[in-house]
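Any chance you could fold what I've pasted below:
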Amino acid sequence: MVASPSLLASIRRRRCAITTSLLVGFFFYYFIPWGVPSSLRDIGISGMSRASVAQLVKTKKLPMKIDEIYGLLHLVTGDNEHEHVLSNDVHLDPTHPIDMSIYAAGEIDLDWEKESKFLNKEYPIVVFSKTYCPYSKRAKDLLAAYDIQPPPKIVEVDLRDDNNVIKLLLSRLTHHSTFPNILIQGKSIGGSDDLFALHNDRTLAKMLERAGVTVRSDGSFKQ
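Below is the predicted model of the structure:
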C-alpha cells in the first residue's frame, strides 16, 4: 500500500523537527558557554564542572531537624528567661507543634543546630521542678549529692507566668506530665522515682558522665 502524499509530507516534517531539535541541543551544550548560578558562585565553586555541580546537588547536606524540646530549653535557660514567656501569645496552642521562631523570642537568625549543641554542653541536666513539690525536692537533693559540674539547671515552673503552657508542652514533648521532669541532653528520664531507680542500680553516675558532666561524689545522702 502506497502512502498518500500528505502522509509522507507529515512524516518528513516530523523528522525535520526532531533533527533540528537535536542539532540545536548539541550546539547549545557544546558551544554555548554557560555559568554557574549566582547562588552557587557565592560559595566559591564557579570553576566546577557540570558533573561536579550535579554531584554537589545530589550530596548537598540537608538542614538538621532539631527537636522542639530545644526551643523550650533555649527559652528557659536564657539570660532573660523570665522576660520570655509563652503565655503572652494568645494564638499559642501547646498541644500542637510550635514554630521554633516562637521560642527564639525575636532572635530571627538563631542557628538551632548550633544552639542545641550549646545547650547540651552548657545545660546537660535540666530539672523542671515546682517549689512546693516534695518529689521535686527529693530529686534535686539527690542530684545535689552527686555534686556534678556543670550543676543542674533548675526551672521552677510554678514561679513562671507561663507555667500552664510549659506543663502542656512537657507532656507533649516528653510524654511525662508530672513534676519533676528531668532531662539529660534534651531527653526526659522521667521523674523522682525514675531518678532514684537509676541511682539504686548504680547507673546514674555513668549516665551523667556520658552527658558530659563531672561527677564529684557518689550521691550518698540522707533521705
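
how about the helices in this structure?
5-31, 38-41, 50-59, 69-77, 100-104, 112-122, 134-145, 163-174, 192-200, 204-210 (DSSP state H).

looking at those, which one has the lowest mean pLDDT?
Among these, helix 38-41 carries the lowest mean pLDDT, at a mean of 50.

residues making contact with stretch 157-172?
72, 76, 82, 85-88, 92, 94-95, 98, 128-132, 155, 176-177, 179, 181, 188 (Cβ atoms under 8 Å, 6 or more residues apart in numbering). (Glycine included, C-beta is placed from N, CA and C.)

Filter those down to the buried ones.
Buried members of those, scored by 16 or more other Cβ atoms under 10 Å, are 72, 76, 85-86, 94, 98, 128-130, 155, 176, 179, 181, 188.

Would you reformat those residues as CSV and include distance to I18?
Shown next, in CSV, are those (distance: Cβ to Cβ, whole Å):
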residue, distance to I18
L72, 61
V76, 66
V85, 67
L86, 63
P94, 61
I98, 56
F128, 69
S129, 75
K130, 77
V155, 70
H176, 67
F179, 74
N181, 68
S188, 64
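
mind listing which of those are in strands?
Mapping these onto strands (DSSP state E) picks out F128, S129, V155, N181, S188.

List just the nearest of those to G106.
V155 (20.7 Å; Cβ to Cβ).

What's opposite the closest one in the beta bridge?
As for beta bridges, V155 partners with F128 under DSSP bridges.

Give me the distance between it and H175.
From V155 across to H175, the span is 18 Å (Cβ to Cβ, to the nearest Å).

Check which residues of stretch 208-223 are buried.
L208, A211, V213, V215, G219.

contacting residues for the nearest residue to the third one once chain neighbours are set aside?
I take that to be V213. Nearest in space to V213, with sequence neighbours left out and distances taken as Cβ to Cβ, 6 or more residues apart in numbering, is I148 at 4.6 Å. Residues in contact with I148, defined by Cβ under 8 Å, 6+ apart, are I125, L208, V213, T214, V215, R216.

what do you get for L86?
L75, L92, P94, I102, D162, V165, I166, L169.

repeat for L142
L195, F196, H199, G219, F221.

What is the most widely separated pair among those residues?
So, the contacts of L142 by Cβ to Cβ: farthest apart are L195 and F221, at 12.8 Å.

what number of residues lie near P151?
By other Cβ atoms under 10 Å, 13 other residues sit near P151.

I'd like the distance between it and I125.
From P151 to I125 the distance is 8 Å (Cβ to Cβ).

on that earlier part again, and which of the contacts of L86 is nearest to D141?
Distances from D141 to these, taken as Cβ to Cβ, are shortest for I166 (22.5 Å).

tally of neighbours for that closest one?
23.

Distance-wise, check it relative to S192.
Here I166 is placed at a distance of 18 Å from S192 (Cβ to Cβ).

domains in this protein, as residue ranges please.
As given by automatic domain parsing, the domain ranges for the chain are 5-59, 69-215.

give me the number of residues near the closest residue in space to I154 that isn't next to it in sequence?
If the residues on either side of it in the chain are set aside, I154 comes closest to V127, at 5.1 Å by Cβ to Cβ, 6+ apart. Counted with other Cβ under 10 Å, residues neighbouring V127 total 21.

same thing with L170?
By other Cβ under 10 Å, the residues close to L170 number 22.

I'm done for today, thanks for sticking with me.
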